[in-house]
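> Got a sequence here, can you model it:
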Amino acid sequence: MSSKTTPEKNLADIRADILLLSSYFRDAEVPGLGAEHTKDDLDSAVVNAAASLLCTGTKKSPHADVVNAVALTIEGSKPLLTFTENIRITSDGSPFEETPITPDPSKAAALLDNWSEDLCDHTYTSHLEDVVNAISLFSSLEVPRSGYGAKFVFFIHRRAFRKLALRTRDFTLRWGGVLPFKTARLELGTIQQTMAPMTFKIELEPTVMSVVNHARITSEALGKNWFMFNLSATTIERWLDLFEYIWRQLEDMLLNERTDESKLPKPRESPPSLFQTQVAVLSIECLRALRPVLLHIFTSYETLISRLHQNEMSTIYKKVRTKFEGFKFPSQENKVEGEGEAKDKDKDEGEVQDEGEGGSDAKDKVEGEGKSEAKDMGEDEDEDKDEDKDEGEPEFRRQRNENSGSRVIRFLDTITAWFVSCTTVWKAATMAERRYFDDMAYRRITIGVPPSYIPYHSADNVVSILKDLLGETCEVSSSRTHGLAGFASRACIHAEAALMALLYNKKMHISVTKKCCFMCWVLYLVLTNLDNPIIFAFGAHGVLYPWIAPPGLPDQVYRDIYEWLLEACQQHVIGGHSRHSSGAGSEVSDGKGVMEEESYDKQTLDNYVLNK
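Just a heads-up that it's a prediction; the model follows:
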């Protein structure tokens with residue numbers, strides 16, 4: 001990449017231009033820079049799981065809009081986990097704050113022993129402390145299988161009931177309101193004509209096996225908890241019946257009953273009971289354990305994938321295909337996808353959340369353009385204010401090399417992510433050969449920002465500045481400059497960017513609750529080009545959001561980031577489609593080894609299988 005910034009351009013102007021460009025091109029996608037999670041080492045698995053466990057949502061912020069990041073470094077000879085969140089700044093700046101977290105295993109024991117009585121009125125701060133305390137408790141156990149692993153699974157899912165309910169509701173509605181399992185049944189005849197018999201060797205806990213047995217699905221026992229299953233034209237219908245039953249059980253526990261079929265099901269507002277939590281967790285455990293069968297069914301048959309795609313593109317989800325109002329460069333006109341031209345007229349109707357959990361965020365953003373941001377920046381008080389509305393986006397924007405069938409599996413992975421993350425942390429903490437967290441230290445930081453760090457461009461000269469940056473031939477859209485100051489004022493320093501700046505030149509494993517944006521990915525590329533030993537444990541997409549460059553980096557880093565952004569805006573930006581949460585933790589463990597038959601109450605198991 002050639003250097004374009006002139007020596008006369010000072011760093012303050014560069015930071016202001018970065019904020020202006022990323023705000024103007026918000027929601028646009030830069031193709032070719034996406035990256036999927038590929039790290040499967042234990043360090044990456046742990047930071048991924050930690051990020052996922054913190055993304056539970058709160059009463060004030062059920063969507064878990066406050067994006068947090070986790071970094072693992074070695075300080076001296078001891079490992080250190082550092083936590084931070086997206087940081088919105090004001091003209092007064094903010095001081096650097098470092099808060100050590102001292103684990104208290106006794107508090108975790110009391111909390112987990114009474115997990116069903118938790119009020120779920122936690123804040124991000126209190127939940128972070130509870131998770132750290134639980135990890136410390138696991139490390140202190142002389143006998144790992146004491147039941148605390150299962151209690152932790154129940155505790156986390158109960159804490160996450162709001163976000164889990166939203167994901168469950170949106171999976172139900174995603175494909176035109178028709179469950180993928182039902183769609184598969186509609187295509188059953190065609191599938192049966194083309195399918196070849198398949199066998200699956202799967203390890204199942206006794207609880208999951210009892211559910212499978214009651215579906216009259218035959219198996220061959222291979223050894224302790226290992227079974228061979230057949231999937232063929234004669235058995236696929238039973239499998240689909242089983243999956244739909246499991247899903248309905250999950251729905252019944254997390255969604256309010258619909259009194260009017262014309263209205264959308266609503267996520268429950270009160271914490272689930274012990275019984276409801278256990279039923280929900282058992283359903284999730286079944287979905288995760290039987291994932292190989294689901295993966296084959298939904299990714300192997302073109303007629304089913306085509307039908308899912310038709311459902312996905314229909315009716316109520318038309319409005320979520322893009323929120324980007326296309327702008328045009330003369331040489332790039334054909335790269336702007338036409339879906340944005342409709343401008344999503346129904347975006348304000350409020351009928352449906354945006355894909356996943358982002359719909360209310362989209363509505364708030366449209367209504368909030370140009371409004372002043374005069375909000376108290378109190379840490380927990382701000383959790384309901386959508387710290388990063390753009391990042392609070394859904395689980396299933398389209399990815400490259402993906403189809404509607406694989407998207408079914410990816411979304412199910414986001415629903416099972418907490419379960420997998422719980423097992424990852426439990427196994428790491430209780431490994432016989434090396435207890436991973438024994439010497440671990442923990443801290444929470446807020447990056448320091450000096451006063452007037454970001455010199456905002458005057459609204460009066462935004463258009464002229466953009467034309468100067470992008471070229472006179474660029475058509476600057478008045479609809480996108482309207483309210484631009486409002487978007488810029490709500491920008492923040494992204495959590496992962498803050499950690500990369502704070503821990504500059506240190507070897508780190510880093511993860512975040514959502515796939516990182518184009519700018520954070522560019523920051524990572526620039527730093528690794530400078531031989532910074534950073535290991536990303538999460539994926540990235542190419543979507544732009546209003547972005548503030550974190551302080552504390554060498555001057556050349558800011559100049560390189562600016563050049564990346566300017567080149568992307570001048571040449572490569574198209575309508576965005578690939579934003580989505582990372583589903584952190586969904587690929588870091590097999591999800592086994594924690595739940596036992598005695599983990600569930602007998603009433604839970606009896607009701608679950610007898611209802612089949």
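> after the longest helix belonging to the chain comes which helix or strand?
The residue-count maximum for a helix in the chain (DSSP state H) belongs to helix 404-430. For helix 404-430, the following helix or strand on the C-terminal side (DSSP states H and E) is strand 441-446.
> Counting neighbours, show which residues of that following strand come out buried.
For strand 441-446, burial by neighbour count (16 or more other CB atoms under 10 Å) applies to 441-442, 444-446. (Each C-beta comes from the backbone N, C-alpha and C, glycine too.)
> From those residues, pick the one nearest Glu269.
Arg444 (29.3 Å; CB to CB).
> which is the next helix or strand following the helix or strand containing Asn48?
Secondary structure from DSSP H and E places Asn48 in helix 42-54. Using DSSP H and E, the helix or strand that follows helix 42-54 in sequence is strand 68-75.
> and the longest helix of the chain, what does it pack onto?
The helices and strands touching helix 404-430, judged by 3 or more CB pairs under 8 Å, 6 or more residues apart in numbering; DSSP states H and E, are helix 42-54, helix 124-140, helix 148-159, helix 161-174, helix 274-289, helix 291-299, helix 302-312.
> Which of those helices sits closest to Ala215?
Ala215 lies closest, by CB to CB, to one member of these: helix 274-289, at 10.2 Å.
> any idea how far Ile535 is from Asp41?
Asp41 is 8 Å from Ile535, where distance means CB to CB, to the nearest Å.
> Could you check which of these two has the larger neighbour count?
Ile535 (18 against 11; other CB atoms under 10 Å).
> Kindly state the beta-bridge partners for that one.
Listed by DSSP bridges, the beta-bridge partners for Ile535 are His509.
> got a list of what it touches?
39, 43-44, 507-510 (CB atoms under 8 Å, 6 or more residues apart in numbering).
> Quick check: ChimeraX command selecting the buried ones in those residues.
A single ChimeraX command selects the buried members of the contacts of Ile535 (16+ other CB under 10 Å):
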select :39,43,44,508,509,510
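> coming back round to it: between the buried residues of strand 441-446, which is closest to Asp121?
Within those, proximity to Asp121 (CB to CB) peaks at Arg444, which comes in at 20.1 Å.
> Got phi/psi on Leu525?
phi -60, psi -40 (degrees, to the nearest 10).
> What's the local residue count around it?
Leu525: 17 surrounding residues under other CB under 10 Å.
> now do Thr234
10.
> Apart from its neighbours in sequence, what residue is nearest Arg162?
Counting by CB to CB, 6 or more residues apart in numbering, Arg162 lies nearest to Pro62, which is 3.7 Å off, once chain neighbours are set aside.
> mind listing what the one you found touches?
Contacts for Pro62 (CB under 8 Å, 6+ apart) come out as 162-163, 166, 267, 357.
> Report the mean confidence score over stretch 549-567.
The pLDDT scores in stretch 549-567 average 94.
> Which residues does that stretch contact?
In this structure, residues lying in contact with stretch 549-567 by CB under 8 Å, 6+ apart are 1-5, 11, 14-15, 17-19, 21-22, 447-450, 453, 469, 493-494, 497-498, 500-502, 504, 519, 522-523, 525-527, 529-530.
> Now, of the residues you listed, which are buried?
Buried among these (16+ other CB under 10 Å): 5, 14-15, 17-19, 21-22, 447-449, 453, 469, 493-494, 497-498, 500-502, 504, 519, 522-523, 525-527.
> follow-up on the earlier one: now for the buried residues of strand 441-446, which pair is the farthest apart?
Taking CB to CB, the two most distant members of those are Ala441 and Thr446; they sit 17.8 Å apart.
> residue boundaries of the helices in the stretch 451-600 of the chain?
462-470, 478-481, 484-489, 495-502, 518-529, 555-571 (DSSP state H, counting those that start in this stretch).
> Return the most buried member of those helices.
Sort those by mean neighbour count, taking mean count of other CB atoms under 10 Å, and helix 495-502 sits at the top with a mean of 27.
> which helices and strands sit right next to it?
Counting contacts by 3+ CB pairs under 8 Å, 6+ apart, helix 495-502 is packed against strand 68-75, strand 78-85, strand 508-512, helix 518-529.
> The shortest one - what's its average pLDDT?
What that stands for is strand 508-512. The predicted model assigns strand 508-512 a mean pLDDT of 94.
> Likewise for stretch 444-461?
Mean pLDDT, stretch 444-461: 80.
> Stretch 174-186 too?
For stretch 174-186, the mean confidence score works out to 92.
> Could you check how far that stretch is from the centre of its chain?
For stretch 174-186, the separation from the chain centroid amounts to 24 Å (computed by CA atoms, centre = their mean, to the nearest Å).
> any idea how the chain splits into domains?
As assigned by the TED database, the chain contains the domains 11-144+421-575, 156-321+402-409.
> do you know which of those domains lies nearest Ser599?
Nearest to Ser599, of all those, is domain 156-321+402-409, at 7.6 Å by CB to CB.
> Now the terminal residues of that closest one, how far apart.
Distance between the two ends of domain 156-321+402-409: 22 Å, counting by CA to CA, to the nearest Å.
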